[in-house]
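Undergrad: pasting the sequence and the predicted coordinates here, then a few questions.
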Number of protein chains: 2
Amino acid sequence: MDCYCLLFDGFESLDLTAPVSLLQRMPDMRLHYVSHQGGMVPSQQGFAIDTVPVWVPEPASTLLIPGGQGVRLLTEHQDFLYDLAIWAGQAQTCLSVSNGSALLAAAGCLDGVRATTDKRTFAWAQNLAANVHWQPFAAWVHDGKFYSASGMTAGMDMTLSFIADRYGKDLAETVAAQSEYVWQRHADAPAPRRVF
Amino acid sequence: MDCYCLLFDGFESLDLTAPVSLLQRMPDMRLHYVSHQGGMVPSQQGFAIDTVPVWVPEPASTLLIPGGQGVRLLTEHQDFLYDLAIWAGQAQTCLSVSNGSALLAAAGCLDGVRATTDKRTFAWAQNLAANVHWQPFAAWVHDGKFYSASGMTAGMDMTLSFIADRYGKDLAETVAAQSEYVWQRHADAPAPRRVF
């Protein structure tokens, strides 16, 4: 499987690495680190990752979108949103973590879709895209080809459930155990705590 | 506070980003990404991070050592271990995640110290350094200036406890809540599950 990790200035690196550390264990996984323009992309944590420009993803591929402080600026970037709608349309599955969902929502991809985002910026996301069926309590949500997670560790729960759907529950259980992680299997279960 | 994140070929990126996504929220935090020789260092997840060569850390600094598949090779690299013993000796605090502890142990830093490492490579670590008081069940352990964590998410528990010790429990609670993370506060509490 090809997984395209879409990076942008000020992405939250844990939103990226929590999913990819699990996905990387899949036997057929090819991880691609991409951005709108390519080049070195700085994370919120002060290090940069080299990326290639996004092209239209391979069929049957997965698009992974982390959150981060850089999201707000991007939601006003019409060229980016236009292209994101194409990439997300082409991908077989879209995984978003934290306010990465807001990017998909701003691009119109989540209209009529049940989804969640991190709870600190929830009201902002609601205002940004009123036609999304935003879930205010869920740690993570699955609707069709879209998996969205709330806080950072919920990204691991969501990713394990995607692995279970795609590769079978046994492999997901094995990966969770190898990571010494207690998997919250159930979509729409509440996030650990509401902060705001 | 200066935190030196010591990277090496084949480090596990989640072992790095789980601690630094929390540490980054501290008001005085300066994160440094360093390696023995400097330059681009590839993670286990296929992306690389630019680093500067390690020099002797500033006084009162923290040394963070992730684990990863690259650890075994490094435990046979005497020049690296010699320098690591100097860096760890100078640091006020050492945080290690997963088999990052094995590096400190191979450098002789953990002789007589209570510590843990990930449970899949536990027997190997025991053979590597018999004078460490290895804790076979603990998710994370604190002994003096050394904090060590078992699996990847235990790195978050350990880091939050370090934050509580250094900056106070209120700030640690706030950071945990902002991350929607259920903090396992107690050192020596068992890891979520024993895998092997």
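TA: Received it, and whenever you're ready, just let me know what you need. Here the structure is a predicted model, which means the values were calculated and not measured.
Undergrad: starting at the chain centroid, how far to stretch A:153-163?
TA: For stretch A:153-163, the gap between its own C-alpha mean and the chain's C-alpha mean amounts to 10 Å (C-alpha atoms, centre = their mean, to the nearest Å).
Undergrad: confidence score at residue A:185?
TA: Note for residue A:185: predicted pLDDT of 84.
Undergrad: which parts of chain A sit against chain B?
TA: With the criterion set to C-beta under 8 Å from any C-beta of the partner chain, chain A comes near chain B through A:12-14, A:16-18, A:20-21, A:24, A:31, A:33, A:40, A:44-50, A:118-120, A:139, A:150-154, A:156, A:177-182, A:191-193, A:195. In short, each C-beta sits where N, CA and C put it, glycine included.
Undergrad: and the strands in chain A, which stretches?
TA: A:2-6, A:30-35, A:39-42, A:48-53, A:62-65, A:93-97, A:114-115, A:133-134, A:140-143, A:146-149 (DSSP state E).
Undergrad: closest one to residue B:84 among those strands?
TA: strand A:48-53 (25.1 Å; C-beta to C-beta).
Undergrad: helices of chain A, start to end?
TA: A:13-23, A:71-74, A:78-90, A:100-106, A:122-128, A:154-167, A:169-178 (DSSP state H).
Undergrad: quick one: closest of the ones you listed to residue B:87.
TA: helix A:13-23 (23.0 Å).
Undergrad: elements contacting the closest one?
TA: Judged by 3 or more C-beta pairs under 8 Å, 6 or more residues apart in numbering or on different chains; DSSP states H and E, helix A:13-23 is in contact with strand A:2-6, strand A:62-65, strand A:93-97, helix A:154-167, helix B:13-23.
Undergrad: who touches it?
TA: Residues from elsewhere that reach helix A:13-23, judged by C-beta atoms under 8 Å, 6 or more residues apart in numbering or on different chains: A:3, A:5, A:7, A:29, A:31, A:43-45, A:47, A:62, A:64, A:66-68, A:95, A:97-98, A:100, A:152-153, A:155-156, A:158-160, A:163, A:175, A:179, B:12-14, B:16-18, B:20-21, B:44-45, B:152.
Undergrad: could you redo the last one with a cut-off of 6 Å?
TA: A:3, A:5, A:29, A:31, A:43, A:45, A:64, A:66-67, A:97-98, A:152, A:155-156, A:159, A:175, B:13-14, B:17-18, B:21, B:45 (C-beta atoms under 6 Å, 6 or more residues apart in numbering or on different chains).
Undergrad: buried members of these into PyMOL, please.
TA: Filtering these down to the buried ones (16 or more other C-beta atoms under 10 Å in any protein chain shown) takes a single PyMOL command:
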select buried, (chain A and resi 3+5+29+31+43+45+64+66+67+97+98+152+155+156+159+175) or (chain B and resi 13+14+17+18+21+45)
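Undergrad: quick revisit: wait, which of the strands of chain A is closest to residue B:111?
TA: strand A:48-53 (36.8 Å).
Undergrad: in PDB, list the C-alpha atoms belonging to that closest one.
TA: Output of strand A:48-53 as PDB, limited to C-alpha atoms (Å, rounded to 0.1, in the frame of the first residue of the first chain):
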ATOM      1  CA  ALA A  48      12.300  19.600   9.200                       C
ATOM      2  CA  ILE A  49      11.400  16.700   7.000                       C
ATOM      3  CA  ASP A  50      12.300  16.500   3.300                       C
ATOM      4  CA  THR A  51       9.300  16.000   1.100                       C
ATOM      5  CA  VAL A  52       8.500  15.600  -2.600                       C
ATOM      6  CA  PRO A  53       5.700  17.600  -4.300                       C
END
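Undergrad: average model confidence for that strand?
TA: Average pLDDT, strand A:48-53: 94.
Undergrad: okay, buried residues for that strand please.
TA: A:48, A:49, A:50, A:51.
Undergrad: what is it packed up against?
TA: strand A:30-35, strand A:39-42 (3 or more C-beta pairs under 6 Å, 6 or more residues apart in numbering or on different chains; DSSP states H and E).
Undergrad: so what strands line up beside the first one?
TA: Strands adjacent to strand A:30-35 in the sheet, as given by DSSP bridges, are strand A:2-6 (parallel), strand A:48-53 (parallel).
Undergrad: list of residues touching that strand?
TA: A:2-7, A:20, A:41, A:49, A:51-52, A:54, B:46-47.
Undergrad: closest one to residue A:88 out of these, please.
TA: Using C-beta to C-beta, these come closest to residue A:88 at residue A:6, 9.3 Å.
Undergrad: any figure for the gap between the closest residue to that closest one other than its chain neighbours and chain B?
TA: Leaving out its chain neighbours, the residue that sits closest to residue A:6 by C-beta to C-beta, 6 or more residues apart in numbering or on different chains is residue A:65, at 5.1 Å. Separation of residue A:65 from chain B (C-beta to the nearest C-beta, to the nearest Å): 16 Å.
Undergrad: list the residues that contact residue A:65.
TA: Contacts for residue A:65 (C-beta under 6 Å, 6+ apart) come out as A:6, A:96, A:100, A:103.
Undergrad: likewise for residue A:93?
TA: By C-beta under 6 Å, 6+ apart, the neighbours of residue A:93 are A:62, A:145.
Undergrad: just the CA atoms of the helix or strand bottoming out on mean pLDDT in chain A, as CSV, please.
TA: Within chain A, no helix or strand scores below helix A:169-178, which has a mean of 92 by mean pLDDT, DSSP states H and E. What follows is helix A:169-178, C-alpha atoms only, in CSV (Å, rounded to 0.1, in the frame of the first residue of the first chain):
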residue,chain,number,x,y,z
LYS,A,169,-7.9,-7.8,13.4
ASP,A,170,-5.2,-10.2,14.2
LEU,A,171,-2.5,-8.1,12.7
ALA,A,172,-3.9,-5.0,14.4
GLU,A,173,-3.8,-6.8,17.7
THR,A,174,-0.2,-7.9,17.2
VAL,A,175,0.9,-4.4,16.2
ALA,A,176,-0.8,-2.9,19.3
ALA,A,177,0.8,-5.4,21.6
GLN,A,178,4.3,-4.9,20.1
